[in-house]
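Sequence unavailable; structure follows:
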């Protein structure tokens, strides 16, 4: 059976990754809203000051989270883990300025606890908007969107995010609101893969092993990887770690000092300088044949190839439904769970077709 057939057979269940218990909870919430006289519970995502357009509306579904909008969809499930340590970020028109619209999408896969991933979810887009505004003030709005300016802005954004979560005040705030012991907050970190979609350009920055993949050109066309996983045994990463005085030890896979299975992350203060937060940045021009962007945590990529993920997305696109991105994100999480993914699974699918921008 082809991947497209699997998608079509599952399409009736694709609107949300939920079970019967979640349906009961949803009905209970609807009844509470009716009694309270509410028309609905749409929430607007926070955005940076000066945003010209409304923020993305959210709809949360217990036993997972489904974000639905015209241009994108996202799903996040705990899967076989007891704790949910992933976080998603979606902010339309997050940065003001005269260089055109740009939307922000991010996936953050925490380890040790969830508070670093949650901090990235809440702050990363704000920090990037500030860096873009600062660049515009110094060099003018046209310069702020050049590839070199994007790379510099992303690097400063990631550095500030890392400093916030590893500072004494950041650790104290986290220890008051999360399950980890205060003295172990330095052992908590998160991957980060973020994408900014402009009118005709795509900017991706990442540290860790969450991944961005571009589905381009229709059936038979190979997906375009926009990130390369930061693994300790990647030759250039191993060289960097050893040059800093660290070691890559193979214990259930390659690990920094035998502990962490990725070589870059936000947080993880106890492993610095071997684990750094410097992102790799990719700036790509969008082509007419580009279909969608997939961002996901390794809970998906450990069991689903880039090619299979794009095939699922295309199968949903061909059905022609308005919310095909949400269906694709939901189906990808279902596919990862069916393939026995042992981790949290979080997926964002963004429609890149020209008529939608």
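Everything's here; your move. Note that the structure is predicted; figures quoted are calculated from it, not measured.

Quickly list what the closest residue to residue 344 other than its chain neighbours is bridged to.
Once flanking residues are discounted, residue 344 sits nearest to residue 86: 4.3 Å by Cβ to Cβ, 6 or more residues apart in numbering. For every residue, glycine as well, the C-beta is placed using N, CA and C. Beta bridges link residue 86 to residue 109 when assigned by DSSP bridges.

Could you pull up the residues touching residue 86?
76, 107, 108, 109, 110, 114, 117, 297, 299, 344, 345, 346 (Cβ atoms under 8 Å, 6 or more residues apart in numbering).

you'd agree the third one is up against residue 192?
In other words, residue 108. Yes - using Cβ atoms under 8 Å, residue 108 makes contact with residue 192 at a distance of 5.4 Å.

Touching both of those two, which residues are there?
120, 124, 210, 266.

so of the residues you listed, which ones are in helices?
Using DSSP state H, the subset of the shared contacts of residue 108 and residue 192 located in helices is 120, 124.

Below-threshold pLDDT in the stretch 251-357 of the chain: ranges please.
355-357 (pLDDT under 70).

can you pull out the helices in the protein?
Counting by DSSP H, the helices of the chain are 3-10, 20-36, 115-139, 147-166, 168-177, 235-243, 298-301, 306-318, 324-338.

Which other helices and strands does the fourth one contact?
What it means is helix 147-166. Here helix 147-166 touches helix 115-139, helix 168-177, strand 192-197, strand 201-207, strand 266-267, strand 280-285, going by 3 or more Cβ pairs under 8 Å, 6 or more residues apart in numbering; DSSP states H and E.

just the ones you listed: most buried one?
strand 266-267 (a mean of 32; mean count of other Cβ atoms under 10 Å).

and that one, what does it pack onto?
helix 115-139, helix 147-166, strand 189-190.

Now render these as TSV, adding distance to residue 281.
As requested, the helices and strands packed on strand 266-267 are exported to TSV (distance: least, Cβ to Cβ, whole Å):
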stretch	distance to residue 281
helix 115-139	12
helix 147-166	4
strand 189-190	18
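
count of residues packed around residue 352?
Residue 352: 21 surrounding residues under other Cβ atoms under 10 Å.

roughly how far apart are it and residue 216?
Residue 352 sits at a distance of 9 Å from residue 216 (criterion: Cβ to Cβ, to the nearest Å).

any residues in contact with both of these two?
290, 291.

coming back round to it: in a markdown table: the contacts of residue 86, plus distance to residue 326.
Output for those, formatted as a markdown table (distance: Cβ to Cβ, whole Å):
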| residue | distance to residue 326 |
| --- | --- |
| 76 | 12 |
| 107 | 15 |
| 108 | 20 |
| 109 | 21 |
| 110 | 23 |
| 114 | 23 |
| 117 | 22 |
| 297 | 17 |
| 299 | 18 |
| 344 | 19 |
| 345 | 15 |
| 346 | 14 |
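
Out of the residues you listed, which end up buried?
76, 107, 108, 109, 110, 114, 117, 297, 299, 344, 345, 346 (16 or more other Cβ atoms under 10 Å).

The first one against residue 344, yeah?
Going back to what we said before, that points to residue 76. Yes - using Cβ under 8 Å, residue 76 is in contact with residue 344, at 7.3 Å.

what is in contact with those two at once?
Shared contacts of residue 76 and residue 344, counting by Cβ under 8 Å, 6+ apart, come down to 84, 86.

before we move on, back to that, now the helices and strands packed on strand 266-267 in TSV, with distance to residue 314 and mean pLDDT?
Formatted as TSV, the helices and strands packed on strand 266-267 follow (distance: least, Cβ to Cβ, whole Å; pLDDT from 0 to 100):
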stretch	distance to residue 314	mean pLDDT
helix 115-139	28	89
helix 147-166	28	96
strand 189-190	30	97
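
Out of the ones you listed, flag the one nearest residue 101.
helix 115-139 (12.6 Å; Cβ to Cβ).

ok now the closest one, how far from the chain's centre?
15 Å (Cα atoms, centre = their mean, to the nearest Å).

what inclination does that helix have with respect to helix 147-166?
140 degrees (axes from the mean of the first three to the mean of the last three Cα atoms, to 10 degrees).

and residue 323, which of the helices and strands packed on helix 147-166 is closest to it?
That would be strand 192-197 among these, by Cβ to Cβ, at 18.0 Å.

any idea how far the residue nearest to residue 343 when sequence neighbours are not counted lies from residue 252?
If the residues on either side of it in the chain are set aside, residue 343 comes closest to residue 299, at 3.6 Å by Cβ to Cβ, 6+ apart. Separation of residue 299 from residue 252 (Cβ to Cβ): 17 Å.

related to what we said a few turns ago, would you mind putting the helices and strands packed on helix 147-166 into a markdown table with distance to residue 306 alongside?
Below are the helices and strands packed on helix 147-166 laid out as a markdown table (distance: least, Cβ to Cβ, whole Å):
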| stretch | distance to residue 306 |
| --- | --- |
| helix 115-139 | 23 |
| helix 168-177 | 34 |
| strand 192-197 | 14 |
| strand 201-207 | 14 |
| strand 266-267 | 24 |
| strand 280-285 | 15 |
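
Go through these and name the closest to residue 260.
Using Cβ to Cβ, these put strand 266-267 closest to residue 260, at 10.5 Å.

chain center to that closest one: distance?
The answer for strand 266-267 is 15 Å, by Cα atoms, centre = their mean.

Sheet partners, orientation included, of it?
strand 189-190 (antiparallel).

Show me how far the strand it pairs with is from its chain's centre.
Distance, centroid of strand 189-190 to centroid of chain: 13 Å (Cα atoms, centre = their mean).

Before I go, just wanted to say thanks for your time.
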